[in-house]
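1. Turn this into a model:
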Amino acid sequence: MFTTKHLKEAGFVITYVAVFWLLLPLTLWRIAMYLDARWGWARTPSAVGWPLLGAGLVLMAWATLLLWRQGKGLPVSALPPQQLVQTGPYAIVRHPIYLGFNLTLLSAAFITGSRAALLIVVPTFLPCWIV
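-> Here you go, the predicted model:
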């Protein structure tokens with residue numbers, strides 16, 4: 001049976017997914033498209049982005065699943081992991097979800113052929129995760 005706590009947790013998860021997996025990437029993509037148009041940069045799409053997109057999404061999903069199962073939480077401040085996860089991608093990279101997100105940003109730059117995404121959005125966004 002679902003309790004108020006379960007409903008709150010589900011609300012946090014839905015909000016997290018909506019903001020960080022949908023709204024943020026779409027906003028960054030729109031910014032890149034705007035800059036390309038403003039500066040008259042032609043877009044030259046490349047299929048190189050598709051494998052990067054797959055790798056980024058798999059890495060993000062895998063790391064999130066490990067946080068849920070082993071860490072007993074999620075990368076959401078309202079549901080922080082209770083245990084440090086050190087297996088899977090966490091054995092190699094401290095923040096594999098951020099790395100996966102940056103791979104998806106890079107893949108979008110290649111898939112859409114956006115110079116602004118490749119030269120401005122991706123390099124500008126990377127330090128935000130590091131900080």
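
2. Going by C-alpha atoms from here, please, whenever you check contacts or count neighbours.
-> Noted.

3. ranges for the helices of this protein?
-> 4-16, 24-39, 49-69, 96-112, 115-116, 122-130 (DSSP state H).

4. for the ones you listed, which one sits closest to residue 88?
-> Set against residue 88 and scored by Cα to Cα, these come closest in helix 49-69, at 7.6 Å.

5. In terms of secondary structure, what does the closest one contact?
-> Counting contacts by 3 or more Cα pairs under 8 Å, 6 or more residues apart in numbering; DSSP states H and E, helix 49-69 packs against helix 96-112.

6. which one of the helices of the chain is the most hemmed in?
-> helix 96-112 (a mean of 22; mean count of other Cα atoms under 10 Å).

7. any idea of the angle that helix forms with helix 122-130?
-> 170 degrees (axes from the mean of the first three to the mean of the last three Cα atoms, to 10 degrees).

8. Give me the mean pLDDT for stretch 115-129.
-> The average pLDDT within stretch 115-129 is 87.

9. cool, and stretch 49-56?
-> Average pLDDT, stretch 49-56: 96.
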